[in-house]
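Novice: Below is the sequence, then the predicted model.
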Number of protein chains: 2
Amino acid sequence: MTSVDEPARPGGRIRDAARTRAEILDVATQEFARAGYDGARVDEIAARTRTTKRMIYYYFGGKEQLFTAVLERAYGVIREAEQKLDVEHLDPVAAIRRLAELTFDHHEQHPDFIRLVSIENIHGAEHIAASEELARIGSPALDVIRRILAQGQESGLFTAGVDAVDLHAMISSFCFFRVSNRHTFGALFGRDLVDPAQREHYRTMLGDMVIAYLTAERAAD
Amino acid sequence: MTSVDEPARPGGRIRDAARTRAEILDVATQEFARAGYDGARVDEIAARTRTTKRMIYYYFGGKEQLFTAVLERAYGVIREAEQKLDVEHLDPVAAIRRLAELTFDHHEQHPDFIRLVSIENIHGAEHIAASEELARIGSPALDVIRRILAQGQESGLFTAGVDAVDLHAMISSFCFFRVSNRHTFGALFGRDLVDPAQREHYRTMLGDMVIAYLTAERAAD
DNA sequence: TGCCTAATGTACGAACCGGTACGTTAGTCA
DNA sequence: TGACTAACGTACCGGTTCGTACATTAGGCA
């Protein structure tokens, strides 16, 4: 992700803590995403790095902590992207649609992140629980949804009583599933959900779904 | 799942191929769902069975084929449930809502199945690809959706141009995500999507979402 | 009733893999 | 410039884990 492609200086050992650490994280991200937590091999990560296995233990302590660090950075990336969200100048309907589309785009562009999250769920989110950093960070996107939703409900454009976390779950589920379940869905139904030719179709479908839900009349509970 | 709890006959070795096979599959399902493919331990599966590791290799050939067999049976269960679907006597709106609710229920009642599918996706659906049985079976639910959709679109109740596979993906994504991402979502947003107290809420939300999407007016492409 | 084979159990091996003990060097600062 | 330490490399260990060679027995059938 952020690895610099310096030419390997022959003969001389290079000492650059920041680069070494970042390079380990890059490779570890790929390896964990490729094979899952238990399938990932520490030796393999080391081999694909310009350093040795020893350094993984030197910087991270162990496989478990390395995976946690990988997760922390991956969530950091999505959080950064969410902080750049700039949709609140639009009217609520357009704003929500745009937000959904940006979520869609981000998921599509970061399949490794999706895989890491799937893996973390298999393990009961124990690494997130073990990370102060991850427990602390909120979701900027959620705040944006909250504000747009309030605005849309006040102006009567949106049906009342929709919760921001729920709406976030709805949007995420569609975007996440499309990438995470791509393989089984493709194998069973013969349709590639991530086919570039279908991209616009599914992006529109997501927006339509969310807006339809937010603007539909509903029976009172 | 289908294991019979016979009392262990002390002293005498029992010979029952069908029972041994089924018991291995039961335990293997739990173990794979618990720990993922690489995290699962063949020895652990054997230990929790009334037979030995030798039998796993005798009946299934290896860990890989055992996982494939586990998947085949898990998909068999969902397929059976789908064949019992009986919603076409309802009007299209009620029928789709009922179908969505049954999908919701099935996902909730089979978290192990969800985990297996997540795991299979991490591995690129290679076991499904390797299974003739899984490549062959279709989805009865999909046929039902197809018919209800056609009916609803003919009668003008539903917006035209919605594809059955897409609608199936939409319903599945919500139901699947709610279970599969329960842990990370809970850790990050402090909300348990599978909280029994919220069950009716999310079940209704799913139905509302699907019906809203199917009945909304849309700009022509 | 004796035989034949499907079904089962035991014991073990070899490779793998996470982790570490120990030694070395690059760069910085007094 | 020399010494000190953060950063790095090598070699290896010990437990784990998938898989199998070999021995054994239950039970159906001729």
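Specialist: Perfect, thanks for sending it.

Novice: C-alpha only now, for contacts and for neighbours.
Specialist: OK.

Novice: If we ignore the residues flanking it in sequence, what's nearest residue A:28?
Specialist: In this structure, residue A:28 finds its nearest non-sequential neighbour in residue A:45, 5.7 Å apart by CA to CA, 6 or more residues apart in numbering or on different chains.

Novice: Enumerate the residues of chain A near DNA strand D.
Specialist: A:13-17, A:20-21, A:50-55, A:58 (CA under 7 Å from any atom of the strand).

Novice: same thing but 6 Å
Specialist: Contact residues, chain A versus DNA strand D (CA under 6 Å from any atom of the strand): A:14, A:15, A:16, A:17, A:20, A:51, A:52, A:54.

Novice: Of these, just say which sits nearest to residue B:130.
Specialist: Closest to residue B:130 out of those is residue A:52 (36.4 Å), distances taken as CA to CA.

Novice: Report the separation between the closest one and DNA strand C.
Specialist: Separation of residue A:52 from DNA strand C (CA to the nearest atom of the strand, to the nearest Å): 8 Å.

Novice: Remind me which helix or strand the spatially closest residue to that residue that is not a sequence neighbour belongs to.
Specialist: Spatial nearest neighbour of residue A:52, chain neighbours left out: residue A:46 (5.2 Å); criterion: CA to CA, 6+ apart. Taking DSSP states H and E as the criterion, residue A:46 maps to helix A:42-47.

Novice: any weak-confidence spans in chain A?
Specialist: Low-confidence segments of chain A, defined by pLDDT under 70: A:1-13, A:220-221.

Novice: Of all the helix elements in it, which one is longest?
Specialist: Secondary structure of chain A per DSSP state H: the longest helix is helix A:63-83.

Novice: Mind giving me the packing neighbours of that helix?
Specialist: For helix A:63-83, the packing partners by 3 or more CA pairs under 8 Å, 6 or more residues apart in numbering or on different chains; DSSP states H and E come out as helix A:17-35, helix A:111-122, helix A:126-130, helix A:132-136, helix A:140-154.

Novice: Dump the ones you listed to a markdown table, plus mean neighbour count.
Specialist: Below are the helices and strands packed on helix A:63-83 laid out as a markdown table (neighbours: other CA atoms under 10 Å in any protein chain shown):
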| stretch | mean neighbour count |
| --- | --- |
| helix A:17-35 | 20 |
| helix A:111-122 | 23 |
| helix A:126-130 | 17 |
| helix A:132-136 | 14 |
| helix A:140-154 | 18 |
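
Novice: Would you indicate which residues of the helix holding residue A:46 are buried?
Specialist: The neighbour-count check on helix A:42-47 (16 or more other CA atoms under 10 Å in any protein chain shown) flags A:42, A:45, A:46 as buried.

Novice: So which of the helices and strands packed on helix A:63-83 is nearest residue A:68?
Specialist: Comparing the helices and strands packed on helix A:63-83 by CA to CA, helix A:126-130 comes nearest, at 5.5 Å.

Novice: picking up where we left off before, and for the longest helix of chain A, what's in contact with it?
Specialist: Residues from elsewhere that reach helix A:63-83 (CA atoms under 8 Å, 6 or more residues apart in numbering or on different chains): A:25, A:28-29, A:32, A:37, A:42, A:56-57, A:60, A:106, A:113, A:116-117, A:127-128, A:131, A:133-134, A:139-141.
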